[in-house]
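Engineer: any chance you can model this:
(one chain, ligands or ions: 1)
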Amino acid sequence: MSQAPYRGRFAPSPTGDLHLGSLVAAVASYCQARAHDGVWLVRMEDLDETRTVSGADQQILNTLARCGMYSDEPVMYQTQADRQAAYQQAHNALRSKGLTYHCVCSRKQLADQAVYPGTCRQRTTRTDTLYSIRLQTTDEVIQFDDGMQGNQQQNLATQVGDFNIKRKDGLFAYQLAVVVDDAAQGITEVVRGIDIMDSTCRQIYLQRLLDLPSPKYAHFPVITDAHDHKLSKQNHAPAITEEDPFTVLRLALHLLQQAVPTPQRRTPKALLEAAIKHWQPDRLRGLAAVPQSAIEAND
Ligand code: GLU
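Structural biologist: Residues are numbered from 1 along each chain as shown. Predicted coordinates for the structure are as follows:
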């Protein structure tokens, strides 16, 4: 049986320049795609316009280019008119199945609830209030075999609850958009950080309802700083714009537990070629977190 050609992606949110944590995501998805002779795409997840920083998309692309990584196809932006139309269509399809409802609950009301209790399921909508749109979940276990973290499962009804597919401010929610985009780009495997793994069952549920294929998933460990916090923009991880690309790429590969011989030519391109040749994602199996400090201390 012939397999679909491998298509992977890196999907940054342009809320600032790349930091080491997001570079690790780019490198992991890139090496995995190239090791499968596959295509690697960049998608700008600029759905949440309230968080987008003007010019950050270009900065991210420049940093990737300095590190020798380029999208094989034009970069997709979630704010493109065609994407918005595609999300609307998916939303309509879910609505026509009778699976969506308006929710007027405030964040404050839900602050103590780990699982959405279904408060608005039966409520008749008042049109004078702002509402989000929630998708009904079912009491069934969804599972997937994660390429790095092994078998994962979740019961959406009891562990997550009905979730938003459209926000109160009118923006489509990440869960809906990511599923529609991964399908539109023909993504065969999603390689991303373990901090997003918890979303995967919701995404598989959406794929089933929308009749879309499910890609494979592989979630690499989160990179933590000296205080055990995930390297992220929220935690003020420094941007890597000014760093030497060879050095920072080598650090990213160390964090990904890769044993890559130093190439003769100390260029990002040569280093990535070596990394792809020696790529061993199995070294990440079952690893949930990697402290950046441990690697730097050994380096
Ligand atoms: N845009 C998300 C982020 O920057 C990634 C989402 C995904 O890979 O599914 O964290």
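
Engineer: tell me which parts of the protein are close to the ligand?
Structural biologist: Ala11, Pro12, Ser13, Glu45, Val178, Arg192, Ile196 (CB under 6 Å from any ligand atom). For the C-beta atoms, the positions are set from N, CA and C on the backbone; glycine is no exception.

Engineer: close enough to count as contact, the first one and Trp40?
Structural biologist: Yep, that's Ala11 we're talking about. No - with contacts defined as CB atoms under 8 Å, Ala11 does not count as touching Trp40, sitting 11.5 Å away.

Engineer: any low-confidence regions in the stretch 101-250 of the chain?
Structural biologist: For the stretch 101-250 of the chain, the stretches flagged by pLDDT under 70 are 125-128.

Engineer: for the closest residue to the ligand within the stretch 151-299 of the chain, what are its contacts?
Structural biologist: At 3.9 Å from the ligand, Arg192 is the closest residue in the stretch 151-299 of the chain, using CB to the nearest ligand atom. Residues near Arg192 by CB atoms under 8 Å, 6 or more residues apart in numbering: Ala11, Ala25, Ser29, His219, Phe220.

Engineer: could you dump the residues you listed to JSON lines with neighbour count and secondary structure?
Structural biologist: Formatted as JSON lines, the contacts of Arg192 follow (neighbours: other CB atoms under 10 Å; DSSP: H, G, I helix; E, B strand; the rest coil):
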{"residue": "Ala11", "neighbour count": "24", "secondary structure": "coil"}
{"residue": "Ala25", "neighbour count": "21", "secondary structure": "helix"}
{"residue": "Ser29", "neighbour count": "25", "secondary structure": "helix"}
{"residue": "His219", "neighbour count": "23", "secondary structure": "strand"}
{"residue": "Phe220", "neighbour count": "27", "secondary structure": "strand"}
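
Engineer: could you dump those to TSV with distance to Thr267?
Structural biologist: Output for the contacts of Arg192, formatted as TSV (distance: CB to CB, whole Å):
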residue	distance to Thr267
Ala11	26
Ala25	22
Ser29	21
His219	30
Phe220	24
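
Engineer: quick check, nearest of these to Glu49?
Structural biologist: Ala11 (16.3 Å; CB to CB).

Engineer: now the helices for the stretch 51-200 of the chain?
Structural biologist: 56-66, 81-96, 107-110, 156-159, 174-184, 200-209 (DSSP state H, counting those that start in this stretch).

Engineer: most tightly surrounded among the ones you listed?
Structural biologist: Of all the helices of the stretch 51-200 of the chain, helix 174-184 carries the top mean neighbour count, a mean of 21, counting by mean count of other CB atoms under 10 Å.

Engineer: who touches it?
Structural biologist: 9, 11, 43, 45, 47-48, 76, 78, 83, 86-87, 90-91, 163-166, 190, 199, 202-203, 206-207, 210, 212-213, 215.

Engineer: ok, now stretch 276-285?
Structural biologist: Outside stretch 276-285, the residues that reach it (CB under 8 Å, 6+ apart) are 28, 31-32, 34-35, 147-150, 218, 220-221, 256-261.

Engineer: which of these are buried?
Structural biologist: Listed as buried from the contacts of stretch 276-285 are 28, 31-32, 34-35, 147-149, 218, 220-221, 256-258, 260; burial here means 16 or more other CB atoms under 10 Å.

Engineer: so which of those are in strands?
Structural biologist: Ala218, Phe220 (DSSP state E).

Engineer: and the contacts of stretch 77-95?
Structural biologist: So stretch 77-95 is contacted by 43-47, 49, 57, 76, 100, 133, 135, 165-166, 172, 176-177, 179-181, 184, 206, 209-210 (CB under 8 Å, 6+ apart).

Engineer: tell me the mean pLDDT over that stretch?
Structural biologist: Taken as a whole, stretch 77-95 carries a mean pLDDT of 97.

Engineer: what comes into contact with stretch 42-51?
Structural biologist: Counting by CB under 8 Å, 6+ apart, 9-15, 52, 57, 60-61, 64, 71, 75-79, 169, 171-172, 174, 177-178, 181, 185 sit against stretch 42-51.

Engineer: likewise for stretch 196-206?
Structural biologist: Residues contacting stretch 196-206 (CB under 8 Å, 6+ apart): 90, 135, 137-138, 142-144, 146, 149, 152-154, 156, 160, 163, 165, 174-176, 178-179, 182, 212, 214, 217, 219.

Engineer: now it: how far from the chain's centre is it?
Structural biologist: Here stretch 196-206 is found 10 Å from its chain centre; the criterion is CA atoms, centre = their mean, to the nearest Å.

Engineer: repeat for stretch 100-109
Structural biologist: For stretch 100-109, the distance to the chain centre is 25 Å (CA atoms, centre = their mean).
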